[in-house]
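A.B. asks: sequence unknown, structure follows:
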């Protein structure tokens with residue numbers, strides 16, 4: 001089955017932070033209107049503060065059966081090196097490098113969402129943090145960007161933020177991605193259910209980076225549903241395609257992953273091998289009805305999402 005896809009592709013952090021909490025008032029929406037993906041940005045002041053702050057509450061814990069997360073012992077090799085611990089005032093999230101200076105993550109890790117929401121403050125990125133040291137150092141945020149519908153709510157009306165827009169980007173004050181590598185971004189117009197996936201992230205209750213394997217259990221236009229074990233702090237983790245799975249994977253639909261990849265021409269192609277392709281961004285645990293009530297939820301990377309992230313990097 002041929003699938004059409006696009007891919008492009010430190011000081012220790014504060015101890016014991018809380019985790020970011022997403023707004024779980026799920027909005028029933030169809031395909032996201034392209035206008036909702038228009039960017040809303042804030043430039044970070046030299047001190048690292050944004051205009052407003054927030055203290056997040058604890059995130060959801062969602063573990064299905066045995067906890068299959070394993071510690072990543074070597075975080076200096078790709079793709080662990082491109083997985084980023086993000087800390088901010090009062091909390092932490094996970095992100096992943098998408099260029100030499102840009103981190104993608106969940107939108108609520110940057111802005112709490114909705115018209116009454118606020119921007120996170122003092123965001124610092126630690127690529128490949130191993131729980132004790134930051135082998136690539138730390139970088140501070142200089143710009144935060146999310147889609148406008150994450151802030152104004154669905155259909156340009158006041159209300160809770162639309163989960164179809166729960167993504168964003170952090171532009172850093174360094175080019176650490178030239179040392180860590182970065183993930184590609186992929187979307188497909190065909191079904192992904194059954195595709196093998198891996199995720200790396202930073203649970204707040206455990207030191208260091210942790211990884212797990214699963215497969216996509218269900219999907220809709222805006223979300224992928226998985227059972228990767230998740231606890232607070234892992235929001236913003238990449239859900240990426242596993243090209244050569246073992247027998248744990250039930251099916252393996254092919255995925256086109258073209259090269260050249262970032263940095264864009266005329267720079268040489270920098271595809272690490274194997275080049276990881278993110279299909280989704282882990283945003284929250286189960287809530288609501290349908291597959292979202294029995295699985296963890298990842299924002300599905302679609303063409304509008306890729307278009308934005310490519311511009312924001």
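C.D. replies: Looks like it came in fine. Because the structure is predicted, anything quoted here is derived from the model rather than measured.
A.B. asks: what ranges do the strands span in the stretch 51-200 of the chain?
C.D. replies: Secondary structure of the stretch 51-200 of the chain by DSSP state E, counting those that start in this stretch: the strands cover 70-71, 83-88, 91-97, 102-105, 124-127, 139-147, 168-172, 184-185, 187-188, 196-201.
A.B. asks: using CSV, lay out the ones you listed together with mean neighbour count, distance to residue 313 and mean pLDDT.
C.D. replies: All C-beta atoms are positioned from the backbone trio N, CA, C, and that covers glycine. As requested, the strands of the stretch 51-200 of the chain are exported to CSV (neighbours: other CB atoms under 10 Å; distance: least, CB to CB, whole Å; pLDDT from 0 to 100):
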stretch, mean neighbour count, distance to residue 313, mean pLDDT
strand 70-71, 12, 29, 96
strand 83-88, 28, 14, 97
strand 91-97, 29, 9, 96
strand 102-105, 28, 4, 97
strand 124-127, 27, 14, 98
strand 139-147, 22, 10, 96
strand 168-172, 26, 7, 97
strand 184-185, 28, 10, 84
strand 187-188, 22, 16, 78
strand 196-201, 25, 20, 92
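A.B. asks: tabulate those (JSON lines), appending distance to residue 214.
C.D. replies: As requested, those are exported to JSON lines (distance: least, CB to CB, whole Å):
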{"stretch": "strand 70-71", "distance to residue 214": "13"}
{"stretch": "strand 83-88", "distance to residue 214": "17"}
{"stretch": "strand 91-97", "distance to residue 214": "16"}
{"stretch": "strand 102-105", "distance to residue 214": "20"}
{"stretch": "strand 124-127", "distance to residue 214": "24"}
{"stretch": "strand 139-147", "distance to residue 214": "27"}
{"stretch": "strand 168-172", "distance to residue 214": "24"}
{"stretch": "strand 184-185", "distance to residue 214": "20"}
{"stretch": "strand 187-188", "distance to residue 214": "18"}
{"stretch": "strand 196-201", "distance to residue 214": "6"}
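A.B. asks: let me know which of these is the nearest to residue 116.
C.D. replies: The closest of those to residue 116 is strand 139-147. By CB to CB, the value is 14.9 Å.
A.B. asks: so the closest one versus strand 83-88, what angle?
C.D. replies: 90 degrees (axes from the mean of the first three to the mean of the last three CA atoms, to 10 degrees).
A.B. asks: who are the packing partners of strand 139-147?
C.D. replies: Helices and strands touching strand 139-147, by 3 or more CB pairs under 8 Å, 6 or more residues apart in numbering; DSSP states H and E, are strand 39-43, strand 124-127, strand 168-172, helix 303-312.
A.B. asks: out of the strands of the stretch 51-200 of the chain, which gets nearest to residue 286?
C.D. replies: Residue 286 sits nearest to strand 196-201 of all these, at 16.1 Å, using CB to CB.
A.B. asks: about what we covered before: looking at the strands of the stretch 51-200 of the chain, which is nearest to residue 62?
C.D. replies: strand 196-201 (12.8 Å).
A.B. asks: understood, closing this out.
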